[in-house]
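**Student:** what shape does this take:
(chains A and B)
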Amino acid sequence: MSDSASNLGALESWLEGGVDQLPGSGVDWLRAERSNALARARVEGIPTTSQEGWRYTGVKGLMEQSFARYAEAVTGVEQEDLEDVLVPGLDAHRVVLVNGRYVAALSTLGALPAGVRAGSLREILQADPDAVAERLTKVAGAGAHVFSALNTAGIDDGFVLLVGRGAAVERPIELIHLSVGMDEPRVAQPRHLIALEEGAQASLIERYVSLGESLYCTNSVLELSLGRQSLLRHQRIQLESPNAFHITGVYLSQGADSRYLGVNVGLGAAWARTDLVVRFAGQHAECDLKGLYLAGDKQVMDHHLDIDHQVPHCASRETFKGVLYGKGRAVFDGRIHVAVDAQKTDAQLSNKNLLLSRNAEIDTKPQLEIHADDVKCSHGTTVGQIDPQMLFYLRSRGISPLLARRMLCLGFAGEIIEALGPEPLREYVAEEVGRRLETAPLD
Amino acid sequence: MLSVKGLKATVEGKEILRGLDLEVSPGEIHAIMGPNGSGKSTFAHVLSGREGYEVTGGSVRFEGEDLLDLEPEERARKGLFLAFQYPVELPGVNNTYFLKAALNAIRTSRGEPELDAVSFMRLMREKLKVLHLDDSLLKRPVNFGFSGGEKKRNEIFQMALLEPKLAILDETDSGLDIDALRIVSDGVNALCSPERSMIVVTHYQRLLDYIEPDYVHVLANGRIIRSGGKELARELEDRGYGWIAEEAAA
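**Tutor:** Prediction:
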């Protein structure tokens, strides 16, 4: 893997072992995509804070680690290990990945409606690569940054969901990324493809969890392709180990009249970077993106939105809220681009932040780039503290300052938690949010 | 029960209370009246422990204990309750959850077990009836989008639920129409008991037509300048506050 032209440094180890052992290495288009991506990554190199997209997010901590690729699937994780990380009472088709690899023995997909194909990407690449040839790597394209390129260069395993024309998966599909600590720090690069044909419907709950508090890195990429009049509900809950690094690129392409309802919750990891990239490919499509992030001591939570309105009559809503405590730091970068032809675009971006301590920090940067003249676009960001009047009102009723703060923060976050859909999931997230706020010191 | 002696307090460096004395025994209802700016609300806030009010002199003892030494939540747990003049809206905080948290905080501090969901709902329904409140109010965020009357009734509802030893009603009548005033007053009267005391702070005599005080005090310039029975309220209604201030100055 050594190459004198490479700027990747420590990131080279992410692809250790070479690409020849990767599934589908004999498939021409896939080999070409991997090698193009690697070339791109090597040219691009390690991000620096002089790049606009990385201005507030240093990768120094990440580069100090040398993460090795998992060459082999991790074995030995049992059903009872999984119990610890399940959402109590959640009814779903379940898919489990352990350290980036699909584990059929832990997955309980059950019966799916006709016209639905679901399973391991690795298996599909080995047995029937044509099934994903049209979309895999095509939705993400060149990707937002070097990490997505590295993911493409090392495409190995992940989850594939293909929902055929008019088919609807009623129960949610839960995609659990379980990370288990190894003797040395490792990186997992799962790759997922979700494609909904015309009129199809599905609901995906994507969760990141760990056993223990080990150091590892997740670099996942999701490609979401929504056909005409399709509907995807997508809840993402990042609860990685407190020592982990987490990078996700979500690439969404929306056909005409399609709807995407997404909720992103970021609670875990020491350093987390999420890019949500939306392309409107057909008219009258709607995208509703909500987000909630918490960051405390030794935590960096970074969200980048890139919403591209290329065609007319599409609507997008971006509502992100953050609660920062201790020395927590967050970055919110929301970009909405409206092309010349994208008339009647309706785009509203909002980012609200609650700072619970003087040492917490948020860098929020909404950007509207509008080239059409008949559009309805707005953006707003706020950074504030807990209203002392509200706090006093609760205390005057006998409620302790700590509980009062927890109640007010959950109230602030309520709009996002409510959007999470199934009640067990809402309770699970409210509980996790509350628990973090309880242990955070009062300033 | 409550003993206030020579209480002095400042707000942003400005002296508002200038030596206030008040004794309240169990079961008594005291009305505190006075013109705007006389220090009525400041007194209510100082008792409840609100930030921004600095006590510069005097003492307040509640059941023999130094009240000023306690945090606001400790005062509430000891049995003090303030019905706010302007109840605060808490968007996103469910009213039922809030009421349950408050009740259980107070119960726990008294060494009583927390109420389970069923007993709590039963208790709430019982108290709702007294206040003629719709139970849809319980599902909404605390005071959020409530009308003025609903907010005040929600205050009295909380009081009914928390069963304080001493309730301070801060201008509870302000902003209420006559029907709402009657409902709120009925709620307050239903809570009167030989153990429970109340301090009713009001600008107008109107409220005292519904809630009958044992004592009426006139507060002016940060001091109680006159105390009497309920007939004093009537006199104030007829003659205004000017004459007392003049008499007091003379």
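**Student:** give the helix, strand or coil label for whatever residue of chain B ends up closest to chain A.
**Tutor:** Of all residues in chain B, the one sitting closest to chain A is B:Gly92 (2.9 Å; Cβ to the nearest Cβ). C-beta: built from backbone N, CA, C; applies to glycine. Secondary structure, DSSP: H, G, I helix; E, B strand; the rest coil: B:Gly92 is coil.
**Student:** that one against A:Phe412, yeah?
**Tutor:** Yes: between B:Gly92 and A:Phe412 there is a contact under Cβ atoms under 8 Å: 5.9 Å.
**Student:** who's more crowded, these two?
**Tutor:** Neighbour count, other Cβ atoms under 10 Å in any protein chain shown: between B:Gly92 and A:Phe412, A:Phe412 has more, with 21 against 18.
**Student:** which stretch of helix or strand covers the more buried one?
**Tutor:** helix A:401-418 (DSSP states H and E).
**Student:** now the angle from the next helix or strand after that helix to helix A:401-418?
**Tutor:** Remark: after helix A:401-418, the chain's next helix or strand is helix A:423-439, criterion DSSP H and E. Angle of helix A:423-439 versus helix A:401-418, following axes from the mean of the first three to the mean of the last three Cα atoms, to 10 degrees, is 150 degrees.
**Student:** ok, helix A:423-439 near chain B or not?
**Tutor:** No: applying Cβ under 8 Å from any Cβ of the partner chain, one finds helix A:423-439 separated from chain B by no less than 10.6 Å.
**Student:** for that helix, buried residues please.
**Tutor:** A:Pro424, A:Leu425, A:Arg426, A:Glu427, A:Tyr428, A:Val429, A:Ala430, A:Glu432, A:Val433, A:Arg436, A:Leu437 (16 or more other Cβ atoms under 10 Å in any protein chain shown).
**Student:** quick one: least confident of the residues you listed?
**Tutor:** Note: of the buried residues of helix A:423-439, the lowest pLDDT belongs to A:Leu437, at 89.
**Student:** tell me the SS of the spatially most central residue of chain B?
**Tutor:** Centroid check for chain B by Cα atoms, centre = their mean gives B:Ile168 as the closest residue, at 1.9 Å. Under the three-state scheme (three-state DSSP), B:Ile168 adopts strand.
**Student:** sorry, back to before: got the contact list for the residue of chain B closest to chain A?
**Tutor:** A:Leu410, A:Gly411, A:Phe412, A:Ala413, A:Gly414, A:Glu415, B:Pro141, B:Phe144 (Cβ atoms under 8 Å, 6 or more residues apart in numbering or on different chains).
**Student:** show me the helices in the chain, by range?
**Tutor:** Going with chain A. Counting by DSSP state H, chain A has helices at residues A:28-44, A:60-63, A:79-83, A:121-127, A:130-133, A:146-153, A:388-395, A:401-418, A:423-439.
**Student:** looking at chain B here, not the other one
**Tutor:** Under DSSP H, chain B gives helices at B:40-48, B:72-78, B:95-109, B:117-131, B:136-139, B:148-162, B:178-190, B:231-239, B:242-249.
**Student:** tabulate these (a markdown table), appending mean neighbour count and mean pLDDT.
**Tutor:** Output for the helices of chain B, formatted as a markdown table (neighbours: other Cβ atoms under 10 Å in any protein chain shown; pLDDT from 0 to 100):
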| stretch | mean neighbour count | mean pLDDT |
| --- | --- | --- |
| helix B:40-48 | 23 | 95 |
| helix B:72-78 | 22 | 97 |
| helix B:95-109 | 19 | 94 |
| helix B:117-131 | 15 | 88 |
| helix B:136-139 | 14 | 86 |
| helix B:148-162 | 22 | 91 |
| helix B:178-190 | 17 | 85 |
| helix B:231-239 | 15 | 82 |
| helix B:242-249 | 13 | 74 |
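**Student:** mind putting those helices into a markdown table with distance to chain A?
**Tutor:** Formatted as a markdown table, these follow (distance: least, Cβ to the nearest Cβ, whole Å):
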| stretch | distance to chain A |
| --- | --- |
| helix B:40-48 | 5 |
| helix B:72-78 | 4 |
| helix B:95-109 | 4 |
| helix B:117-131 | 14 |
| helix B:136-139 | 13 |
| helix B:148-162 | 7 |
| helix B:178-190 | 17 |
| helix B:231-239 | 27 |
| helix B:242-249 | 31 |
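**Student:** format those as TSV; extra columns: distance to A:Gly61.
**Tutor:** Listed next are the helices of chain B as TSV, based on distance: least, Cβ to Cβ, whole Å:
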stretch	distance to A:Gly61
helix B:40-48	47
helix B:72-78	40
helix B:95-109	39
helix B:117-131	45
helix B:136-139	45
helix B:148-162	48
helix B:178-190	59
helix B:231-239	70
helix B:242-249	69
